[in-house]
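Engineer: Provided below for reference: sequence and predicted model.
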Amino acid sequence: MKLRRKIYMVGGYNTISMGTGRKEFNPKIERPGLEYYIKEAGQGTLKQIGGAKNVDEGVIANFMAARFNYQGNLAGFMPYIDEGLTYKPCSRVEGACGSGALGLMSGIRSVLAETADVVLVIGTEVQNTVKAVYCADILAGAGWFKERKEGHAYFFPGKFSDRAGHYYEKFGKEKTRKAMAKWYVNAIENARLCPTAQEYSNTTKDLMAVGMMEPSPRSFVDNLNVFDCSKVSDGASAIAIVSEEGLKRCGIDKKDAIEVIGFGQAENDITKPPKELTKLDTTTAAVKKAFEMANITKEQIATVECHDCFTITGILAVEAIGFAEHGKGPDFVLEGNTSRTGKVPFNTTGGLVGWGHPTGATGVHQAVTILEQLTGKAGEAQINIPADRPYGLTINMGGDDKTLVSIVYKRG
Amino acid sequence: MDYVEKFENVSVLGAAGKMGSGILMLTAFEMADLSLKPENKGKTFTLHAIDVSQEALSGLLKNIKSQVLKNAEKNIVQLRKVYANRADLIENIDVINQYIGDVLKLIVPHTHIEASYKSTLIFEAIKEDPDLKVKVFKKINEINTLKPWFFTNTSSIPISYIDKEAKLEGRILGVHFYNPPAVQKLVEVIKSENTKPELHEFASMLIKNLRKIEVPSYDKAGFIGNGHFMRDALYGMEQATKLSTEMPFVEAIYDINKITQDYLIRPMGIFQLIDYVGIDVCQYIMKVMKPYVKDENIHSPLLDKFIELGVKGGQNADGSQKDGFLKYEKGKPVAIYDPAQKQYVAISDISAKCEQKLGAMPATVKPWKVVVGNPAKDEILKKYFAELKTMDTIGANLAKNYAKRSKEIGVKLVSNKVAYCDKDVNTVLLTGFFHAYGPINDYLN
Ligand SMILES: NC(=O)c1ccc[n+]([C@@H]2O[C@H](COP(=O)([O-])OP(=O)(O)OC[C@H]3O[C@@H](n4cnc5c(N)ncnc54)[C@H](O)[C@@H]3O)[C@@H](O)[C@H]2O)c1
């Protein structure tokens, strides 16, 4: 498949990822709600693209506002961002933690279909309305509800703990655990360079030791400690998806945009267990499609934003992309290849473990990070983008390797 | 002894009190665990919550509910296993609500002691009054025909004394929880001369199931915990009194409180700890201990003075700290009481002056919070005390003498047969008082 029209992304904006780790976070004090985050992110992007008048369509990506915030009909918040959006079309999309990228895909398709030249996509989740133990119930909705009863109290950590356990068995526990801890270290070191990151103010000295902490199965899961997990976050990210005409309309130079040169979307049966616990098959399928459409290879990738909902997932993603063969992901990470000074820096603002994981926002946040990195606007978190490897890759995942979107970008 | 059977009918006396409510809750958790085991299906379990104060009892159940909720949230991983066969309980929240119901239905509140006449197990946490405890035990034991076991939470009354006076024939054991029982890991266990071994066996099992740490103590007034704390507090008050002959009283209190907290790397200074326990409670415990300790005067004129002035410390019902030697804002000391002026003096007005007199702190000192859970704790402490040893400031000397006295108290608890060994003394201070190191150590040798 080929893109029949040029697609760009511009005007990225991230709110703070709020939750434990942020100095200003206090679970006992009332915090801003969903509407606040949608508005902040939406206005953040509108400001950069010449205002609401330039927008043809809106998309709001969100996973579980119906349970976290007792709120449905999220499309109705689009005009709340700016009166100028009243009567414009808007949809809300949902694909669990992969909602954000489904939002991007929805925008991309509208532009491809030539029914829009500028689509404002916002991803959001406000999760700190409930304690972790109930948050686990809500997030479990990303799996098949019929499996909930059999599942772990912390359903998804349980699922990925099982994956980690299998991986330990197959490829050695010590090395894998070390690589997971190293993943955590990279995440925090990157987050410390990004003011909106949840772990921005993390001052822990010996991150490796923290990452290596023994799991406590009595109160959590067998094979993961809490530092292996992504954060519980409130936040929103926004970006505009535009055609060449759209770029002109917004008065934005191509150099300040990223171009989508390939995407891969793949779905797997939510009622079926993974074929092989040590692999992310659906991720592999999505990335393959994205590379094919972009007509590039992994060697040309400068940076990756992957869906590290757990450190082990990050390692499995490294293998799914093909940077390391099956069983060698931990070595690749331990050799430093994924750190910010390595061969292919991953998750340069901390990813889900360090920046945060406002579930419905994550896919959009990844695009914003790639936009910043490829256009040289990542501030302190900026990495070097080699001229001969100008591409960025994102992987956003819903559920246990079920709802996948992978996108390849380059600077416009 | 059948562990489960013993739990089928249990009473907690003083159930609405500080300790009683905690013991009630822990007992309720254990009973709920038992009642939910498949093999115990069909058995009924009842937990009588007995307290003379109707008012306190009505607040109790609400409080218990929120505590059970917290416990359930914390233990959700285990609870899901317990309810694994309940197809209708799917989400964590379903399991948690069910558990709250299952715990609360065990508890029956009463204002009359009669409720305990059919109990086989009786936990007691009423006022620390030897006559009252004896009277209550005696009455229950006369009427209850089931030969119940009595577990008393007394902090200072010898168990043998209660045993004899109430004619319990060895069916009593000191099971001394620390405050708050739900949180504190330490339980001191004290046998009377006649305590039946079954009671001890049973208590050990319970303590283990509650995931707490058992330390045995001889049956000597005050046991290990208060045996050390009361003497340590007495020393602190004596030192402060001595200092106050050459400086204002509030400065003396500031100095000793700082020495005991910052220099000795403890979670709080000695005067804050006295306030935490309650000046009245400390006074009372000393009064109970005094007749049993012949070679020392377990009595503090300073405590008497504060009680006379109506300054008592202790905690409010919500767990917040009442003012005592120190005045608190958001749990932090901000002022010190001057008995002569009958008013508090702000710490910020005197601290700079005091600290100048005490001299510079050792450079290697670290706050208790940093040391207590630190894997390199021993190294840090060795280095710190080695430095302290070489220093000759007023502060360093006060601190060294304090540490030596604290050790002396510990050593004497062993030689006087209050504690079985050095390690038990240290365990009590480490786990019951959250010290970063035990008093019996070689840091200053
Ligand atoms: N507070 C502590 O730090 C602590 C620590 C360990 C042990 N203890 C010991 O625990 C016991 C209780 O102390 P507390 O601090 O919980 O006291 P408290 O005053 O908070 O509770 C005592 C409760 O007993 C009730 N009560 C009094 N007489 C009664 C009677 N005849 N029948 C039934 N209920 C009666 C009171 O209404 C009150 O609710 C004491 O023996 C004390 O020495 C206290």
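Structural biologist: Thanks, I have the structure now.

Engineer: where do the strands of chain A begin and end?
Structural biologist: Taking DSSP state E as the test, the strands found in chain A are A:7-14, A:57-61, A:90-93, A:118-126, A:234-242, A:258-267, A:301-305, A:391-398, A:403-411.

Engineer: same question for the stretch 101-250 of chain B.
Structural biologist: B:107-110, B:121-124, B:149-152, B:172-177, B:186-191, B:213-217 (DSSP state E, counting those that start in this stretch).

Engineer: how many neighbours does residue B:416 have?
Structural biologist: If you count neighbours by other CB atoms under 10 Å in any protein chain shown, residue B:416 ends up with 13. For glycine as for every other residue, the C-beta is placed from the backbone atoms N, C-alpha and C.

Engineer: quick one: contacts for it?
Structural biologist: Neighbour list for residue B:416: residue B:220 [criterion: CB atoms under 8 Å, 6 or more residues apart in numbering or on different chains].

Engineer: then residue B:419?
Structural biologist: Counting by CB under 8 Å, 6+ apart, the residues that residue B:419 touches are B:217, B:218, B:224, B:227, B:410, B:413, B:425, B:428.

Engineer: would you check which pair of those lies furthest apart?
Structural biologist: Largest separation among the contacts of residue B:419 by CB to CB: B:218 and B:410, giving 14.3 Å.

Engineer: now do the end-to-end distance for stretch A:300-309.
Structural biologist: By CA to CA, to the nearest Å, the extent of stretch A:300-309 from end to end equals 25 Å.

Engineer: do stretch B:166-183 and chain A meet at all?
Structural biologist: No: applying CB under 8 Å from any CB of the partner chain, one finds stretch B:166-183 separated from chain A by no less than 15.5 Å.

Engineer: ok, residue B:77 - how many residues close by?
Structural biologist: Burial measure for residue B:77: 19 neighbouring residues, criterion other CB under 10 Å.

Engineer: surely it touches residue A:155?
Structural biologist: No: the pair residue B:77 / residue A:155 is not scored as a contact, 11.5 Å apart, by CB atoms under 8 Å.

Engineer: host element of residue B:61?
Structural biologist: Using DSSP states H and E, residue B:61 sits within helix B:54-74.

Engineer: list the contacts of that helix.
Structural biologist: Against helix B:54-74 from outside (CB under 8 Å, 6+ apart): A:131, A:133, A:219, B:15-17, B:21, B:24-25, B:28-29, B:49, B:51, B:79, B:95-96, B:99-100, B:103-104, B:107, B:109, B:111, B:182, B:317.

Engineer: just give me the residue closest to the centre of the chain.
Structural biologist: No chain was given, so I picked chain A. Centroid-nearest residue in chain A, with CA atoms, centre = their mean: residue A:362, separated by 3.4 Å.

Engineer: nope, chain B
Structural biologist: Closest-to-mean residue, chain B, CA atoms, centre = their mean: residue B:178 / 2.5 Å.

Engineer: circling back to that earlier point, can I get the strands of chain A in TSV with distance to residue A:375, mean neighbour count and mean pLDDT?
Structural biologist: Output for the strands of chain A, formatted as TSV (distance: least, CB to CB, whole Å; neighbours: other CB atoms under 10 Å in any protein chain shown; pLDDT from 0 to 100):
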stretch	distance to residue A:375	mean neighbour count	mean pLDDT
strand A:7-14	9	25	98
strand A:57-61	22	28	98
strand A:90-93	26	21	98
strand A:118-126	18	32	98
strand A:234-242	12	31	98
strand A:258-267	7	22	98
strand A:301-305	12	25	98
strand A:391-398	10	28	98
strand A:403-411	6	27	98
